[in-house]
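**Student:** coordinates for the following, if possible.
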Amino acid sequence: MYLKKILLAVVFLGLLVVGGAAYFIYNALFSPNTSFEKEEVIVYIPTGSTYSEVRGLITPYLKNTTSFEAVARRKKYVDYVKAGRYRISRGMNNNEIINSLRSKNLPVQVSFNNQESLADLAGRISTQIEADSLSLLAAFEDDAFLTEHGFDSNTYLVPYIPNTYEFFWNTSAQGFRDKIFKEYQKFWNEERIKKANDIGLSPVEVISLASIVQKETAKVEERQRVAGVYLNRLKRGMLLQADPTVIYAIKRESGNFDTIIKRVLYRDLELDSPYNTYKYEGIPPGPIAMPDISAVEAVLNPEKHNYYYFVADVENFGYHIFAKNLAQHNRNKAQYVRWINEQNVNR
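**Tutor:** Below is the predicted model:
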C-alpha cells in the first residue's frame, strides 16, 4: 500500500513536470512577446551579423528575452541568421518573430533622380540600401563591367535611368549595379530600339541627347518640342549650342559637380571640351546627367516642327519661346538678356 502511494506520487509529480514544461513551451512559442506601442518596428540586420548581435538589436522590442532565446535555439535560428530588413508587429509571439526573421526579408523602394556623376549616385543609393558609397562607386567604375557592356568614362552614366526600383536592403554594391543594368536592357525593348533607329540614333546617343533636353526644361510637356529643335539642328548639320553642355564641361574639367552656374559667359564657349556643343558638332560623347524616362521618350517621340532656336520665356517662367529663324531668335534673346541683366546674374 505504501509503495502504491509512492508510485502515485511519482506519477503525479511527473505529470506536473511534463505539464509545466508543456506550458512553458506553449507560452514561449505562442504568447505575445513584444514591448512597444507602435503598430510595428523595422529591424535591420547587417550582413555577417551573429545571433548575439541580432539578439542585441531586437532585445529593446521584447518583453522576455529568455523565452525568445529558447525558441530561437529550438528553431535553430541561432545557426541561420540572415541579413535583411524585417518587420516585427505588435503582439507577435516568439514563433512569429523567428519566422519573420528567418524568411520575410522586406524589400525597399530605391529611387534616384538626375545625378550628374557616379559619385553623386553612389551617395544617393547608400542612404537607401546597406552598401556604402565607396563600394557602390567602385562597382559603378569597375573597368571589367564597363568594358564588358561597351561603356567608358564618357558613357558610364548611361545605364542608370532615374526611376523607383525594388531591392532588398542588404543588396551588395555589385548586386545593385547588375540589377540596374538588367533594368536598362529591359528598357531598350524592340519598340524603343526601332524608334531610335528611325531618328538615326543609337540608345547611347538617345540618352545623351535626352540628358540635354532634361537640363533645358523641367516642364515635361515641353520636352518633345525641345527634342524636336535639337533633332532639326542635327539633320541640318548645325551645332547644338546647348548651354547645359558647356556647364557640364566646366564641372567635368574642374571635377566639382557641386558648382552652381546660372549664366554661361562668352569666354565659357571657348572651353575646349568634346562636351562643348558650341565648338563640336553632333551629340556629346556621353550624357551630361541621368535623364528621366520622360526626356528619353521625348527624344524618341519628338514634336515635328520647323523650330531651330529657343530661349527662356521671362513672362512664363520655366517655359521657352521658340523661333524658326535666327532673326526671330535674336529678338527673343534680347528680351531674355535684358531680364537677366536686371537680375544681376553674372555667373
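**Student:** can you map out the strands along the stretch 51-200 of the chain?
**Tutor:** Counting by DSSP state E, counting those that start in this stretch, the stretch 51-200 of the chain forms strands over residues 84-89, 107-111, 164-168, given from the N-terminal end onward.
**Student:** show me where pLDDT drops low in this protein?
**Tutor:** 1-30, 344-347 (pLDDT under 70).
**Student:** show me it divided up by domain.
**Tutor:** As recorded under automatic domain parsing, the domains making up the chain are 19-103, 107-187, 202-342.
**Student:** can you count the residues close to the residue nearest to G48 when sequence neighbours are not counted?
**Tutor:** When the adjacent residues along the chain are set aside, G48 lies closest to A83, with 7.2 Å between them (Cβ to Cβ, 6 or more residues apart in numbering). All C-beta atoms are positioned from the backbone trio N, CA, C, and that covers glycine. Using other Cβ atoms under 10 Å, A83 has 18 other residues around it.
**Student:** wait, I207 sits on P291?
**Tutor:** Yes. Here I207 reaches P291: they are 6.1 Å apart, a contact under Cβ atoms under 8 Å.
**Student:** hey, what's in contact with both of those two?
**Tutor:** Applying Cβ atoms under 8 Å, 6 or more residues apart in numbering, one finds that I207 and P291 are jointly contacted by I161.
**Student:** what about the closest residue to T164 other than its chain neighbours, distance to T245?
**Tutor:** With Cβ to Cβ, 6+ apart as the criterion, T164 has its nearest non-adjacent residue at 4.2 Å, and that residue is S111. Here S111 is placed at a distance of 26 Å from T245 (Cβ to Cβ, to the nearest Å).
**Student:** in terms of neighbours, single out the busier of those two.
**Tutor:** Neighbour tally, S111 and T245, criterion other Cβ under 10 Å: the higher count belongs to T245, 26 against 12.
**Student:** surely that one forms part of a strand?
**Tutor:** No. Under DSSP: H, G, I helix; E, B strand; the rest coil, T245 falls outside any strand and is assigned helix.
**Student:** who touches it in this structure?
**Tutor:** 212, 275-277, 284, 288.
**Student:** narrow the residues you listed to those in helices?
**Tutor:** In helices, judged by DSSP state H, the following of the contacts of T245 are found: I212.
**Student:** among the domains of the chain, which comes closest to K194?
**Tutor:** domain 202-342 (9.4 Å; Cβ to Cβ).
**Student:** now do the helix or strand where V41 lies and strand 107-111, the angle between them.
**Tutor:** Assigned by DSSP states H and E, V41 falls within strand 40-45. Orientation note: strand 40-45 sits at an angle of 80 degrees relative to strand 107-111 (axes from the mean of the first three to the mean of the last three Cα atoms, to 10 degrees).
**Student:** in strand 40-45, what's buried?
**Tutor:** When neighbours are counted by 16 or more other Cβ atoms under 10 Å, the buried residues of strand 40-45 are found to be 43, 45.
**Student:** now P203: phi and psi?
**Tutor:** For P203, the backbone dihedrals (degrees, to the nearest 10) come out as phi -50, psi -40.
**Student:** which residue ranges form the strands in the stretch 201-347 of the chain?
**Tutor:** Taking DSSP E, counting those that start in this stretch as the criterion, the stretch 201-347 of the chain carries its strands at 309-312, 320-323.
**Student:** what strands line up against the last one, and which way round?
**Tutor:** Translated: strand 320-323. On the basis of DSSP bridges, the sheet neighbours of strand 320-323 come out as strand 309-312 (antiparallel).
**Student:** contact partners of the strand it pairs with?
**Tutor:** By Cβ under 8 Å, 6+ apart, the list of residues contacting strand 309-312 reads 216, 225-226, 229, 319-326, 328-329, 332-333, 336.
**Student:** can you turn the buried part of those residues into a ChimeraX selection?
**Tutor:** Here is the ChimeraX command that selects only those of the contacts of strand 309-312 that count as buried (16+ other Cβ under 10 Å):
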select :216,225,226,229,319,320,321,322,323,329,332,333
